[in-house]
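Colleague: Predicted model and sequence follow; I will ask about them next.
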There are 2 protein chains.
Amino acid sequence: MSLVKVINTPNPSAMRDDRRRRDRERRLIEATLDCIANLGLRETTVQDIAAAAGMAVGSISQYFEGKEALYTAALDAIATEFAARVAERLAAAGDAPAERLRGYIDAYFDASTGQRRKVAVWFAFWGEVRAQPQYRSVCEEHDRAHDATVEALVADVLREARRDPTDAGALAKLLTSSCYGLWLELLTGNPKPSRESLHALAYRQLAALFPSHAADFAWREGRPHA
Amino acid sequence: MSLVKVINTPNPSAMRDDRRRRDRERRLIEATLDCIANLGLRETTVQDIAAAAGMAVGSISQYFEGKEALYTAALDAIATEFAARVAERLAAAGDAPAERLRGYIDAYFDASTGQRRKVAVWFAFWGEVRAQPQYRSVCEEHDRAHDATVEALVADVLREARRDPTDAGALAKLLTSSCYGLWLELLTGNPKPSRESLHALAYRQLAALFPSHAADFAWREGRPHA
DNA sequence: TTTCAATGAATGAACATTCATTCATTTATT
DNA sequence: AATAAATGAATGAATGTTCATTCATTGAAA
């Protein structure tokens, strides 16, 4: 009785507590992303994370089961953010298949999603994805939805071009693969390429895969629109 | 004097020792590659490496300055092997630009170079390349030569197609990027793609980037030739 | 309204574990 | 027999985790 009452009553202090809790969780995750990007998964210590978050080491266990759980949460966070960014772009795009596909690509080279810091984290986790099943699960979970989305976008463009929509799977793989490969350039490229230059290359990839829509994928200064 | 003498005189026992030394170094490097592929850079211990090599932990310090030096040697080993494989393919190819470019791509999906084990190692190091300058150096060193090679190959194909050879840099980046992205599929793909299927996709990428030579890049069962 | 007791979040020093390195001993080679 | 190489147990530095203590916040009592 009283338990149910407590749960159902959204008393202000409980809400404040909840908010505070979320904030601190978020701070820890952001700190973790910073550390992974700068030090790598291997050299990052809980002391580093705590310092970056401006918290005490002990506080970590208040919010996460341990360092590994925090790592997994960080991976999930960037994967979730990426998915959200894609959804955002698609929502902002019109109905034209080519425009929608362009929006999808824009998500990769977004000021937030495409920053070196984030990309470094992706590669840090990919570097251990074979060895660590928990990272594998997170990736596979997100990939499932992601792959379906891209394939549908590609299929629409193919249909518009009166090409075989059966090809969508293969072309979608080529498209995402080249984006990930371009991301790698952010980490190893010498001299360091700008995010913009990679974004432009991704557009060239689009034009190469869908020559009939090449005009839609022409790079113009000032892209992306957001 | 005597030092020079020793170096110059190839007495049999010294040669045997040298050979033995190389063999054991190689065994340690192979063991390291196995461990990195299976356990990741983080979880691999020197005990794991020693066990995999069938040696004692103490022996490692006989051959390498420490674990990090062994790691760096392992990275250098796969980079060197990859370069050798490319050179091999180019030597085996004829003079036709498209055939040479095809040979270059074949090197990525080679039975040795393209095996999951090797690719996992690449990604393990890329995951730390921003954090570890010594890995960065090795990568940059090899990349320099590699990038020049690809660009030249691409430029030749462009010239043959009477297209602007100035584009070679951009197209070369798109080509290598998509190969690395396809490699990633080997690690995260679900269901696991075969090396062959990725090889075929790489050929599609070639055909997309160089439509005038599409016939040269058609995938046929039985490829690669080696 | 003011005071006081109760709560639990935050902290960081202490602890236990893991692991790279070292080196005295053993084994093989000349 | 002398020399060099290989070994692996011992060592201690590094680091993730734990938990007793502190302290701000909240709600009851005066």
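Modeller: Okay, I see it.
Colleague: where's residue A:67 relative to residue A:28, distance?
Modeller: Per Cβ to Cβ, to the nearest Å, residue A:67 is found 11 Å from residue A:28. All C-beta atoms are positioned from the backbone trio N, CA, C, and that covers glycine.
Colleague: who's in contact with the most centrally placed residue in chain A?
Modeller: With distances taken as Cα atoms, centre = their mean, chain A has residue A:82 as the residue nearest its mean C-alpha position (2.8 Å). Neighbour list for residue A:82: A:107, A:113, A:142 [criterion: Cβ atoms under 8 Å, 6 or more residues apart in numbering or on different chains].
Colleague: count of neighbours near the last one?
Modeller: Taking other Cβ atoms under 10 Å in any protein chain shown as the neighbour definition, residue A:142 ends up with a count of 17.
Colleague: Against which helices or strands is the helix or strand harbouring residue A:196 packed?
Modeller: Residue A:196 belongs to helix A:195-209 when assigned by DSSP states H and E. Applying 3 or more Cβ pairs under 8 Å, 6 or more residues apart in numbering or on different chains; DSSP states H and E, one finds that helix A:195-209 contacts helix A:97-108, helix A:168-188, helix B:168-188, helix B:195-209.
Colleague: and residue A:208, what does it touch?
Modeller: B:174, B:208, B:209.
Colleague: with those in mind, which one is nearest to DNA strand D?
Modeller: residue B:174 (38.6 Å; Cβ to the nearest atom of the strand).
Colleague: any idea how far the closest one lies from residue A:200?
Modeller: Distance from residue B:174 to residue A:200, by Cβ to Cβ: 11 Å.
Colleague: Residues of chain A that sit close to DNA strand C?
Modeller: Contact residues, chain A versus DNA strand C (Cβ under 7 Å from any atom of the strand): A:17, A:20, A:24, A:55, A:56, A:57, A:58, A:59, A:61, A:62.
Colleague: so the fifth one touches residue A:50, yeah?
Modeller: Yes - counting by Cβ atoms under 8 Å, residue A:56 does reach residue A:50; the two are 5.9 Å apart.
Colleague: more crowded one of these two?
Modeller: Set side by side, residue A:56 and residue A:50 show more neighbours around residue A:50, with 18 against 11, by other Cβ under 10 Å.
Colleague: so what's that one up against?
Modeller: A:31, A:56, A:57, A:59, A:60.
Colleague: what sits against the second one?
Modeller: When contacts are counted by Cβ under 8 Å, 6+ apart, residue A:56 is found next to residue A:50.
Colleague: In chain A, what residue comes closest to DNA strand C?
Modeller: For chain A, Cβ to the nearest atom of the strand, closest residue to DNA strand C: residue A:58, 1.6 Å.
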